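> Here's my sequence, what's the structure:
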Amino acid sequence: MGSFFSRSMQPLKDPEKLSQGYLDNLTHGTLERYADFWEKAYGETHPDGQHIIIDVGQDHYGGFAREPIDWPLKKLRKMYGRLGEDECKRIVRFAGIHLDGLILVERLGVAPLRYLTLPTLEVQQKEDITIAAHSEETNFLLALYYRWALQALSELRFLHSHGVYIKFMSSQNVWLRSDYSLAITGFISAIVEGDPDKEEDYGEGGWVGDEYIECDLIDERNAASTGSFQEDLFFWAVFVWRLMTHEHSNEANWEPQSLDEPYDCVDPVQGEGLESRMSPCDISYLPAEFQQRRLYQQLDERRLGDILVKSWTGSYKNIDEAIEDIQQIARGQGLAVEGDEVGIGKTWEDVFEVVRTGELY
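Residues are numbered from 1 along each chain as shown. Just a heads-up that it's a prediction; the model follows:
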């Protein structure tokens, strides 16, 4: 197998020139918005078309004096600094720091997952349970999700080996390469072992997330300052659960268009009340209540249901156990699995077409 970066990207030779070019384009409003990290930091395409410049927004911080505007950049510099020259193909490659402190990373071939639409994963009723349908499209889509699940675990394992814990994961962290393989970036909630966050650097910032559900597998007294593989695996499972339940398809219906609309409370917990339609202001207590009772939703085996529940309940001793379980399920369906790659007998580019669904603002 050849190098993952089959078309090497040339490092920029003049950070000063890059920085000035960025500022000139920003002034004239010509930079393309590529990614958004919880409206705390943004990725914009560099004029060379091969890199993304990560910067903080200039119009979202007027009321946030308790957190320095540049804390996400400090987090990314710390995380990439810990990794040093070690590279993992499941992490968006670091390309440098500008003289003005901005972060430069590689630009990937497709786009951030959050802004893509994928085919709907077809499900069917069998007796009293919902299972993934047996169709060619569903089989391909499940194979893609197994691939992303394994690749995200490879990324977590690599980071943990360097003492980095991301503490939160969602589609806002996930970018896709031209072969639809996964790469992670935007670790602005990350904790670096042995280098604790300091209040003077982050104020009340330092962590972001977009889930009602919280990881209850760690000591709340130390939750903000420490990381663990259980916590990262917990949010990995929420990310995979959302893949398996249509979040990135045209049938996603969990997000209201306005606060006046009824809201479907969709989280990987279940219980009486979650099926009712409620306003966003009333539902935040429900996931916590059902989570305390360990009422996690159990998907069918092909949608990795048992693996997800084991991740939410802290049943795995390490990440390798989860990897082995996914590999076993994939191989049981006749898929070729080598490491974190899942083969389908075709190139992934020939199977899927994803489309951008909107502009980033």
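> who's in contact with residue 148?
Neighbour list for residue 148: 174, 182, 240, 243 [criterion: C-beta atoms under 8 Å, 6 or more residues apart in numbering]. (Each C-beta comes from the backbone N, C-alpha and C, glycine too.)
> Selection in ChimeraX covering whichever of these are buried, please.
Selection command for ChimeraX covering only the buried members of the contacts of residue 148, criterion 16 or more other C-beta atoms under 10 Å:
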select :174,182,240,243
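> Cross the contacts of residue 148 against strands and list the overlap.
Judged by DSSP state E, strands contain the following of those: 174, 182.
> Make CSV from the contacts of residue 148 and add distance to residue 81 to it.
Listed next are the contacts of residue 148 as CSV, based on distance: C-beta to C-beta, whole Å:
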residue, distance to residue 81
174, 22
182, 23
240, 29
243, 31
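> As TSV, the contacts of residue 148 with pLDDT and distance to residue 156 would be great.
Listed next are the contacts of residue 148 as TSV, based on pLDDT from 0 to 100; distance: C-beta to C-beta, whole Å:
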residue	pLDDT	distance to residue 156
174	94	13
182	95	12
240	94	12
243	91	16
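> From the contacts of residue 148, pick the one nearest residue 42.
Closest approach to residue 42 among the contacts of residue 148 (C-beta to C-beta): residue 174, at 16.0 Å.
> secondary structure element for residue 134?
Secondary structure from DSSP states H and E places residue 134 outside every helix and strand.
> Next: residue 144.
helix 136-161.
> So for that helix, mean pLDDT?
The average pLDDT within helix 136-161 is 94.
> and if you look at stretch 68-81?
Stretch 68-81 comes out at a mean pLDDT of 88.
> For that stretch, buried residues please.
Result for stretch 68-81 [16+ other C-beta under 10 Å]: buried residues 68-80.
> Can you give the strand pairings for whichever strand or helix holds residue 125, parallel or anti for each?
Using DSSP H and E, residue 125 maps to strand 123-126. Strands that pair with strand 123-126, judged by DSSP bridges, come out as strand 129-132 (antiparallel).
> taking the mean pLDDT, what do you get for the strand it pairs with?
Mean pLDDT, computed over strand 129-132, is 81.
> List of residues touching that strand?
Counting by C-beta under 8 Å, 6+ apart, residues outside strand 129-132 touching it are 121, 122, 123, 124, 125, 138, 142, 299, 300, 302, 303.
> Residue 85: how many residues sit nearby?
Other residues near residue 85 come to 5 when the count uses other C-beta atoms under 10 Å.
> Hmm, I typed the wrong one, I wanted residue 339.
Neighbour tally, residue 339, other C-beta under 10 Å: 11.
> doesn't residue 151 make contact with it?
No: using C-beta atoms under 8 Å, residue 339 is not in contact with residue 151; the gap is 9.2 Å.
> circling back: now the buried residues of stretch 68-81 in a markdown table, with secondary structure and distance to residue 309?
Shown next, in a markdown table, are these (DSSP: H, G, I helix; E, B strand; the rest coil; distance: C-beta to C-beta, whole Å):
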| residue | secondary structure | distance to residue 309 |
| --- | --- | --- |
| 68 | coil | 39 |
| 69 | coil | 40 |
| 70 | coil | 39 |
| 71 | helix | 34 |
| 72 | helix | 32 |
| 73 | helix | 37 |
| 74 | helix | 36 |
| 75 | helix | 31 |
| 76 | helix | 32 |
| 77 | helix | 37 |
| 78 | helix | 33 |
| 79 | helix | 30 |
| 80 | helix | 33 |
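> ok, now how distant is the residue lying closest to residue 40 once chain neighbours are set aside from residue 335?
For residue 40, ignoring the flanking residues on the chain, the nearest one in space by C-beta to C-beta, 6 or more residues apart in numbering is residue 72 at 4.9 Å. Noted for residue 72: a distance of 38 Å to residue 335, by C-beta to C-beta, to the nearest Å.
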